[in-house]
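Participant: sequence and predicted structure are below.
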There are 4 protein chains.
Amino acid sequence: MNTFGRNFRCTTFGESHGKAVGVVVDGCPPNIPLTEADIQPYLDRRRPGKSPLESARQESDRVEILSGTFEGRTTGAPIALVVRNRDVQSGDYDALRDVFRPGHADYTWQAKYGLRDHRGGGRSSGRETLARVAAGAVAVRCLAPCGIAIRGRVVEVHAATDPGAMEEEICAARNAGDSVGGVVEVTAAGCPAGLGDPVFGKLDAAIAGAMMGIGAVKGVELGEGFAAARLFGSEMNDPITADGFTSNHAGGVLGGISTGQEIVVRIAVKPTPSIRRVQQTVDIAGEEREISVEGRHDPCIAPRVVPVAECMLALVILDAMLEQGKYWKWARRADGAGS
Amino acid sequence: MNTFGRNFRCTTFGESHGKAVGVVVDGCPPNIPLTEADIQPYLDRRRPGKSPLESARQESDRVEILSGTFEGRTTGAPIALVVRNRDVQSGDYDALRDVFRPGHADYTWQAKYGLRDHRGGGRSSGRETLARVAAGAVAVRCLAPCGIAIRGRVVEVHAATDPGAMEEEICAARNAGDSVGGVVEVTAAGCPAGLGDPVFGKLDAAIAGAMMGIGAVKGVELGEGFAAARLFGSEMNDPITADGFTSNHAGGVLGGISTGQEIVVRIAVKPTPSIRRVQQTVDIAGEEREISVEGRHDPCIAPRVVPVAECMLALVILDAMLEQGKYWKWARRADGAGS
Amino acid sequence: MNTFGRNFRCTTFGESHGKAVGVVVDGCPPNIPLTEADIQPYLDRRRPGKSPLESARQESDRVEILSGTFEGRTTGAPIALVVRNRDVQSGDYDALRDVFRPGHADYTWQAKYGLRDHRGGGRSSGRETLARVAAGAVAVRCLAPCGIAIRGRVVEVHAATDPGAMEEEICAARNAGDSVGGVVEVTAAGCPAGLGDPVFGKLDAAIAGAMMGIGAVKGVELGEGFAAARLFGSEMNDPITADGFTSNHAGGVLGGISTGQEIVVRIAVKPTPSIRRVQQTVDIAGEEREISVEGRHDPCIAPRVVPVAECMLALVILDAMLEQGKYWKWARRADGAGS
Amino acid sequence: MNTFGRNFRCTTFGESHGKAVGVVVDGCPPNIPLTEADIQPYLDRRRPGKSPLESARQESDRVEILSGTFEGRTTGAPIALVVRNRDVQSGDYDALRDVFRPGHADYTWQAKYGLRDHRGGGRSSGRETLARVAAGAVAVRCLAPCGIAIRGRVVEVHAATDPGAMEEEICAARNAGDSVGGVVEVTAAGCPAGLGDPVFGKLDAAIAGAMMGIGAVKGVELGEGFAAARLFGSEMNDPITADGFTSNHAGGVLGGISTGQEIVVRIAVKPTPSIRRVQQTVDIAGEEREISVEGRHDPCIAPRVVPVAECMLALVILDAMLEQGKYWKWARRADGAGS
């Protein structure tokens, strides 16, 4: 199950410590301007090692387009994107080979695949998200002609919501050998009304599945989200006037279909499970062990989740647009509005 | 897009005010005991008109199994379940025909399908969930031999968490011609470890998609959920001992794969959008109108969401079990444990 | 795997000797005139017992539309079609319960599902095709506004190609307690050019899969088919003039995409495997037995394959049209041409 | 639609005259020995330029495994296979740019995508089959431990069935500036009984779809195929004895499910449409033109279809085995039988 999407289908491949990671995008509209330069900035944003607060793994992460474009434009044929791996330091992980790191997938992978089967070992790595981001960057490029812009940011870290305070929380956690969680908000502006299909093709259902599928995400909400549980209907309902809705408590989706307002999604990101602080665990023989996870780890993963969440939202929205068969209509309308 | 699931595939049909609603379940394991009596209680729980706090629409909602069973057991062939509609009072809705009810899908359906296209009109009704519940009841029946039990309950209404207080909140809202939201918690006990697949087949992603696809749901979280954003890694990580995990902050899923602990899901349910209190809206001609939605409506939809959420969780878990190809292994193990 | 199609998705259900057989059609274009009267004639053509040359099983086979239409037109919601079974004479089959009939699926079902698992027993029956024909009749109704007409006929029986001679061959076989094979030709006139997608979505590949999936079919060919193996390129290629192609050796498909010419498909139908003549076989205990299959059986199944093949071709073509997203464009063009 | 298969999913990419062609294989069983050396021979067999009777295009066609293997064995993660293009002589085609070659997809692509849209231009090339062959070679490698062997050969060219005579027919056609068709037979020995699923998942339906999807194929048949139309039931039915079937008129599939006998498939391959002999056609302006297709073309494409057909059969059979969830059981049984 390495394929995402029904119309804009992304099949990712590659291991964290193998030759390359990449993705094949099938179903991309033709004639969209696309070169490596459209994709690279998203990979750079996702890349670790950019700040002292982040993991120090160094990867140049240069993407190469192997197929699907001609003279700088997409052709409609499958787009293969490949990033070669370089900074492979598997040695770092040897010490942890036989110990289940708390909060990681080590235990569940062992339960699922058994001892000797490294099946897709490197696939659970955060590095797999590189392929999603590459595909998402193509989706972002396809949404641009329709006037749709995706933006994400960290809106909370350990209860702090002010940027300075959030950075302090991250530093404090790092200095304590610990980590902290956060909340990321992603929005899509400019979406047409009518995206999503009734019953099992709802737009918000697709968004929720895509977001919860990002590693470390434990919650997803649209609009008022969980706060809606504490509202009256008269507070939650968005009144409609001749000029449109006067509020957006719904977060841009009603009955599973986009309203044409901004789509507003928030996701809960758990604290990075890899921490220096000593934790209790067992090894694969079932012996109790204490573990302190050294090495290159972000004390708060939320900032690096931002481009991934943006890209997943772009993938879902583009897929929904293609499902409606109106991509070009919307592109033309946006073009008319812009000129 | 009226099909849910990859292995246990449910295709629902039927309109709120048509002849019947129903579902075809394809991919059900053979030899599972199944009669109408296994399904009917779930439909009864979902049915309106059971208490003064709920909608007064009267439906006997008797399910009939048309195919897929033989001598009281499933055969592996598709199971068709049909419920005939009876209490059709379309007249109630005539007054609202041309007005967009705030908080409802009226506006988005109009934007999507246009004026004259009633496409699937009755499909956005809550009555469609009857078909999901019927299919989910079959899934619940299939999970039982594996020792898996699904349970749901309302855990919060308008910030109240005590059952008595929750009921008071609902009465107060009804008396004010208003409605309130709530939070529903659904759990699955007895799940084997190893459900879910890496990358795009994660168990929590499937759960999130299924839950957000229920009408009126605006948020989904597993385990600590949004509270995880305010925790340190040392608080969030579940320590592992020789006896297993000592806590379940993860809610039973790590890295998208079940841990074998209880799966704990909470969903935010928005207030019923249909309220007597006057709201501002427009009609299909774009003229501003005031609307007061009379008729049979639950002041809090959360209690009726409970069986739907249970059924969706059952569908997702069974689908994941069938994906692993180990259904019978797990059934035999549970059988051995029980005897 | 009881679902056919990607866009016009048909999920069939029901056993030969159960309560009912039926189909749910998801993805039907809205606003197409559709009543039971559009479907019934196809079921009547498929129905046995119409002539002395056919099986004597009597079924009224009345179809009921349970959902998906409103005031005689489709709504775009799933269309559930149900036919109740009546003439259930399971007793006829008791004598054969433990013996593998040569040429039937008895042996392979036993190998696949094992002794005691009747899984979908009645599903391998020719009666399942009733559901396909019902769905196909809906497809035929959807193709009509686009000016597309599907027609089928028996073109060969035991080497005879003249209708009178074919009937003689069938009578002779029946009188000898034997059966004969035949060839059915199905054509689609009025198809637009451009149906089908490169690589794995080719129109002829979909047609071949659909046709070979009909019971008793052992071969499929388009245009010249196997005769193409004996032609030169200069004979096979269809010359193009300003007025279009001057021949149709390709059978309406080039490179997997429709040319706009008539689509011409021929299928090889094997002789009915149920014959009175004594055959050698084994029972489920592996003991050698002789078998003579009495009862209601067509000496040549080809005539009854005709409506099934027509319906499968209609399903494939409509599915391909919906994939292109141009159904309405083609419907309007045909409407303009007709008026 | 560049993905083939439900369980062993192959997504191909790459243009004939772009940077590379390749495929991502998702769903491969883990722990299968696999290196480039397992795949390369299949690419070499498919490669043009091997004999004076074939196209002279020179490609080294070296395959590189980018992911999905570890220490020479598959891991269960997606396997990305890439072949860089080298011998790109697009100039050859310039003369034909605006003319529809009879028998080619030029006309249908124009009808489908319009004048200026080169969408996937190089995708209709025979070179795309390279990616299928690479994926098929992986499937062949997976079938080996189960004792399943796939073999193909040309059995007829222009009515000749003797190898020497077939070669003479090809030479004669080439010398006349013409081309000839042929018939290819592909068999799978060692298949377990029970592959394929009733109704819409039949093994022979999948085989027919896969084979007809190969370029230039106009017909597919199993076992007696079209000859079955001329047989009596008493001739066609395969008698069963205590030692198994005494004949294989069915070609290894009954009721859509494998019998355990050899699977025998024959496909009709049309003459290469590119011929030097002058043909009548039109250009994109609709002007009538005469065309003589010069350049590197096989006078009979059947020999090069052989490895492609073998690979497609391997893909279908492996996919069916994985669908049953018994791959490892069958591998162990074969292992036991072999030792």
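Facilitator: Yep, it's here.
Participant: check what pLDDT residue A:77 gets.
Facilitator: In this prediction, residue A:77 carries a pLDDT score of 92.
Participant: over to residue A:115?
Facilitator: Turning to residue A:115, the model gives it a pLDDT of 53.
Participant: give me the element the closest residue to chain D within the stretch 201-339 of chain A is part of.
Facilitator: Chain D sits closest to residue A:328 of the stretch 201-339 of chain A, with a gap of 11.7 Å, by Cβ to the nearest Cβ. For glycine as for every other residue, the C-beta is placed from the backbone atoms N, C-alpha and C. If you go by DSSP states H and E, residue A:328 is part of helix A:327-338.
Participant: now residue A:155
Facilitator: Judged by DSSP H and E, residue A:155 forms part of strand A:149-157.
Participant: so does that strand get close to chain B?
Facilitator: Yes: counting by Cβ under 8 Å from any Cβ of the partner chain, chain B is contacted by strand A:149-157 at A:156, A:157.
Participant: now that strand: buried residues?
Facilitator: Buried residues in strand A:149-157, defined by neighbour count with 16 or more other Cβ atoms under 10 Å in any protein chain shown: A:150, A:152, A:154, A:156, A:157.
Participant: give the rounded mean pLDDT of stretch A:237-254.
Facilitator: What stretch A:237-254 shows for mean pLDDT is 96.
Participant: same deal with stretch A:274-290?
Facilitator: Rounded mean pLDDT across stretch A:274-290 is 93.
Participant: chain center to stretch A:7-15: distance?
Facilitator: Offset of stretch A:7-15 from its chain centre (Cα atoms, centre = their mean, to the nearest Å): 14 Å.
Participant: do stretch A:272-286 and chain B meet?
Facilitator: Yes: using Cβ under 8 Å from any Cβ, stretch A:272-286 reaches chain B at A:272, A:273, A:274, A:275, A:277, A:279, A:280, A:281, A:282, A:286.
Participant: from these, which land in strands?
Facilitator: Applying DSSP state E to the residues of stretch A:272-286 next to chain B, the entries found in strands are A:279, A:280, A:281, A:282.
Participant: could those go into CSV alongside neighbour count and distance to residue D:83?
Facilitator: Converted to CSV, these look like this (neighbours: other Cβ atoms under 10 Å in any protein chain shown; distance: Cβ to Cβ, whole Å):
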residue, neighbour count, distance to residue D:83
A:279, 21, 47
A:280, 15, 50
A:281, 24, 45
A:282, 21, 46
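Participant: tabulate these in CSV, adding columns for distance to residue A:192.
Facilitator: Converted to CSV, those look like this (distance: Cβ to Cβ, whole Å):
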residue, distance to residue A:192
A:279, 48
A:280, 52
A:281, 49
A:282, 52
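Participant: next, give phi and psi for residue A:237.
Facilitator: The phi and psi values for residue A:237, taken as degrees, to the nearest 10, are phi -60, psi 140.
Participant: so it is in contact with residue B:103, correct?
Facilitator: Yes: using Cβ atoms under 8 Å, residue A:237 is in contact with residue B:103, at 3.7 Å.
Participant: which strands and helices sit next to the strand holding residue A:155?
Facilitator: Applying 3 or more Cβ pairs under 8 Å, 6 or more residues apart in numbering or on different chains; DSSP states H and E, one finds that strand A:149-157 makes contact with helix A:129-143, helix A:163-175, strand A:182-189, helix A:302-324.
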